[in-house]
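have a look at this prediction, sequence included:
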Amino acid sequence: MKKIMLTLAAVGLAATMTCTAEQDKKDTTERLDKAATVLHEVMAAPDKGIPDEVMDHAKCVAVVPHMIKGGFVFGAQGGRGVATCRTSHGWSAPAFFAITGGSWGLQIGVEGIDLVMIIQNEQGMKHLLANKFQVGADASAAAGPVGRHASANTDWKMNAEILTYSRAKGAFAGLTLNGADVRPDEDSMKTVYGPDVTFRSVLNGEVPAPPAAHAFLAAVRGARADAAAR
């Protein structure tokens, strides 16, 4: 009887683990698809999206679709996103990350926002490749300019390693984001790439992109191609 009970418990545990793994895979695929949708919609907004010059200059693009925010004006925030970096062979496979905490620009009454971060130089890319960094402390950040073209008299290229944007309730704007911690989402990384693939190796272009990443990478390539063509 004891052996039967142990066998049933083992079968139940295996089934639970299988269901959990399938759900994790579904969650990461949905995150990639939602991130692609965010980029498509932002870049399609006439004169209200990320300027062409910013996208053309980008070293890495990171998107957190529907990031959850709590509190009134300032409060607890948390979300999970995907990032890709430009390599000598094109855009890297997406790496999964989590972002928590920090002080934000005014977002009164907003429960969920889409967050876009444009890493625009080599130093910012180094911070992203690290195991963890803090926006505004380790890596300088600024609210990104909005519009079809960045004004020639702005200093967006000079003063920040990361440009940050948010979209809430249809409104898209540069976002002041400081103090937020960005770190690899180890669980999602293992789900997609297995236990031995690192965050750094993915963003360095050493790992092939999974089929589920096609839409997201196509959105990034499309955004930069549109910017370069204008």
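It's in.

and stretch 126-139, C-alpha only, in PDB?
C-alpha atoms of stretch 126-139 as PDB (Å, rounded to 0.1, in the frame of the first residue of the first chain):
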ATOM      1  CA  LYS A 126      27.100  46.900 -20.200                       C
ATOM      2  CA  HIS A 127      24.800  47.700 -17.300                       C
ATOM      3  CA  LEU A 128      22.000  45.600 -19.000                       C
ATOM      4  CA  LEU A 129      24.400  42.700 -19.400                       C
ATOM      5  CA  ALA A 130      25.300  42.800 -15.700                       C
ATOM      6  CA  ASN A 131      23.400  40.500 -13.300                       C
ATOM      7  CA  LYS A 132      21.600  43.500 -11.800                       C
ATOM      8  CA  PHE A 133      21.600  47.300 -12.100                       C
ATOM      9  CA  GLN A 134      19.600  50.200 -10.700                       C
ATOM     10  CA  VAL A 135      18.200  52.700 -13.100                       C
ATOM     11  CA  GLY A 136      19.400  56.200 -12.300                       C
ATOM     12  CA  ALA A 137      22.200  55.000  -9.900                       C
ATOM     13  CA  ASP A 138      24.200  52.500 -11.900                       C
ATOM     14  CA  ALA A 139      22.900  53.600 -15.300                       C
END
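
can you list contacts of that stretch?
With Cβ atoms under 8 Å, 6 or more residues apart in numbering as the test, stretch 126-139 has contacts from 60, 62, 83, 85, 102, 119, 123-124, 141, 161-162, 164, 177-184, 199-200, 203-204. (Glycine included, C-beta is placed from N, CA and C.)

so which residues of this protein form helices?
Along the chain, counting by DSSP state H, helices occupy 2-44, 52-57, 122-129, 186-193, 199-203, 214-229.

the fifth one: how far from the chain's middle?
Put simply, helix 199-203 sits 14 Å off its chain's centre (Cα atoms, centre = their mean, to the nearest Å).

mind listing what residue 64 touches?
35, 79, 80, 81, 99, 114, 115, 116, 117.

ok, for residue 119, nearest residue in space, not its chain neighbours?
residue 60 (3.8 Å; Cβ to Cβ, 6 or more residues apart in numbering).

for the nearest residue to residue 162 once chain neighbours are set aside, what are its contacts?
With sequence-adjacent residues excluded and distances taken as Cβ to Cβ, 6+ apart, residue 162 is closest to residue 141, at 4.3 Å. Residues near residue 141 by Cβ under 8 Å, 6+ apart: 117, 135, 160, 161, 162, 163, 164, 177, 178.

if I look at the first one, how far off is residue 148?
Spelled out, it's residue 117. Distance of residue 117 to residue 148, computed by Cβ to Cβ, to the nearest Å: 20 Å.

these two: which has the busier surroundings?
residue 117 (29 against 15; other Cβ atoms under 10 Å).

show me what the more buried one is bridged to.
residue 62, residue 164 (DSSP bridges).

and of the contacts of residue 64, the nearest to residue 54?
Nearest to residue 54 among these: residue 116, at 10.2 Å, using Cβ to Cβ.

tally of neighbours for the closest one?
25.

returning to that earlier point: by neighbours, which of the contacts of residue 141 wins?
For the contacts of residue 141, the largest number of neighbours (other Cβ under 10 Å) sits with residue 117, at 29 neighbours.
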